[in-house]
Every structure is written in C-alpha cells, then in structure tokens.
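In: pasting a predicted model and its sequence here:
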Amino acid sequence: MKDEKARLAVLVSGGGTNLQALIDAQNSGVIHSGSIRIVISNRADAFALKRADAAGIKTAVVDKKQLGGVEAFESAIKAILIENKIDYIVLAGFMCILSESFTRSYPERIINVHPSLIPSFCGKGFYGLRVHEAALEYGVKVTGATVHFVNEIPDGGRIIAQKAVYIENGDTPEALQQRVMREAEWIILPQAVESVCAEFIESGVK
Ligand code: GAR
C-alpha cells in the first residue's frame with residue numbers, strides 16, 4: 001500500500017528537546033502529513049535517543065570516529081535513509097556540518113532549526129549556546145529561531161519559518177537559549193515540518 005505520509009528521519013546529537021517537540025506534535029496531530037520513522041544520532045550517549053525509545057521510534061547511532069571519517073559517516077547515514085525509504089531529513093540539534101556532496105544529494109529535502117534569526121549569528125562555529133552568547137555580546141534586542149532547508153552553505157538554504165524572541169534584562173546565554181526554544185523553536189519546527197510534508201503529499205511526488 002502507498003504511504004500517505006512523508007517518511008521522516010530526525011538527526012540529533014544531544015538533549016533532543018526539539019525531537020520531543022516533533023514527537024509531541026505528531027501525537028497531538030499538529031504533524032499529520034509526516035511520520036518519524038527513525039532517529040539517528042552521532043553520539044551514543046545523546047539523551048534524544050532515550051526520548052525516541054520512550055516514543056517507540058527506531059534509533060540508530062552513527063559514530064564518525066569509529067567509522068573512520070566523514071565519508072564513511074555520511075555513507076552510513078545514507079544507507080539508513082535508503083533502507084528506511086526516508087523522504088525528509090530533519091536536523092534537530094544535530095551538531096555536525098554535512099558535506100557539500102551529502103547536501104547536494106538531498107536538495108530541499110533536509111530541514112534544520114537554528115537558534116537565531118538568520119542571517120544573524122549563523123554559519124560555521126555558530127551552534128548551540130555559542131549562538132546566544134554571540135547575540136548577547138553583540139547587544140541585539142531581538143533574536144529568535146529559523147527553520148530552513150539545508151544546502152551546501154552552512155545555515156544558507158531557503159528559509160521556511162522564523163520567529164522573533166525579545167532579549168530581556170539580565171539574560172544569560174542559558175536563559176536565552178531556553179526562552180528561544182520555548183517561544184520559538186518548539187513551535188516553528190513542528191509547524192514547518194508539517195507544512196513541508198503537506199506540500200509534498202499534495203504535490204503527488206510520493
Ligand atoms: C537547539 O537550540 C538547536 O536550535 C541548536 O542546538 C539546540 C539543540 O537542542 N542547533 C544548532 O545550533 C545547530 N546549528 P535540543 O537537542 O534540545 O533540540
């Protein structure tokens with residue numbers, strides 16, 4: 001029988017709160033045009049893997065060091081994607097930059113969430129807490145989150161959704177990170193994933 005939903009792989013590296021937002025959105029029906037088929041982590045100790053287990057979602061660990069380098073690492077990811085007939089890849093706190101050859105294989109099929117308003121505080125070296133440190137150091141009054149397609153330029157692909165978050169007096173990078181997640185990332189990532197999957201299903205490509 002034909003799949004009526006887009007098949008999703010979520011790539012993670014850490015705590016997995018964005019993965020949790022996707023799982024919750026799937027359970028509540030916010031995401032109804034896509035379904036998470038596998039969670040892939042580059043770290044065996046990522047708490048995100050426990051979240052996937054708790055939700056009954058299949059997991060895989062792909063260790064770059066163990067595999068001996070980027071090429072083998074990305075080939076292993078590709079093999080898992082093919083085996084699971086994945087339509088879209090969602091990077092949810094995935095802390096590895098994918099090579100140009102990898103991203104070119106999946107044009108507008110990889111979705112990333114970034115914790116700033118691109119084009120501010122993005123690109124190589126800007127990930128996790130570092131993004132919020134940079135925003136506070138610069139002294140911006142507004143930051144936020146961006147969901148975008150991934151291409152060969154780090155954080156450079158077409159923007160799908162953005163949401164602004166105000167800086168508050170006395171913000172620390174940690175406090176700001178939490179607020180950006182709560183007020184922006186956990187909302188716009190599931191919405192963006194649903195809108196991309198809905199368009200995909202409607203287009204009849206599947
Ligand atoms: C999130 O803030 C995500 O936007 C960021 O790392 C955090 C992961 O948290 N990603 C990047 O900085 C990628 N450039 P999570 O594991 O709890 O979802």
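Out: Arrived safely, thanks for sending.
In: going forward, measure contacts and count neighbours with C-alpha atoms only.
Out: Fine.
In: and the ligand, is stretch 48-59 touching that?
Out: No: for a cut-off given as C-alpha under 6 Å from any ligand atom, stretch 48-59 has no contacts with the ligand; the smallest distance is 6.8 Å.
In: buried sites along that stretch?
Out: Neighbour-count burial for stretch 48-59 flags 48-49, 51-52, 59 (criterion: 16 or more other C-alpha atoms under 10 Å).
In: which of those fall in helices?
Out: Mapping the buried residues of stretch 48-59 onto helices (DSSP state H) picks out 48-49, 51-52.
In: may I see the buried residues of stretch 48-59 arranged in a markdown table, with pLDDT as well?
Out: Below are the buried residues of stretch 48-59 laid out as a markdown table (pLDDT from 0 to 100):
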| residue | pLDDT |
| --- | --- |
| Ala48 | 98 |
| Leu49 | 98 |
| Arg51 | 98 |
| Ala52 | 98 |
| Thr59 | 98 |
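In: can you list those residues in a markdown table and add distance to Lys78?
Out: Conversion of these to a markdown table gives the following (distance: C-alpha to C-alpha, whole Å):
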| residue | distance to Lys78 |
| --- | --- |
| Ala48 | 20 |
| Leu49 | 19 |
| Arg51 | 23 |
| Ala52 | 20 |
| Thr59 | 14 |
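In: so which of these is the closest to the ligand?
Out: Nearest to the ligand out of the buried residues of stretch 48-59 is Ala48 (C-alpha to the nearest ligand atom; 6.8 Å).
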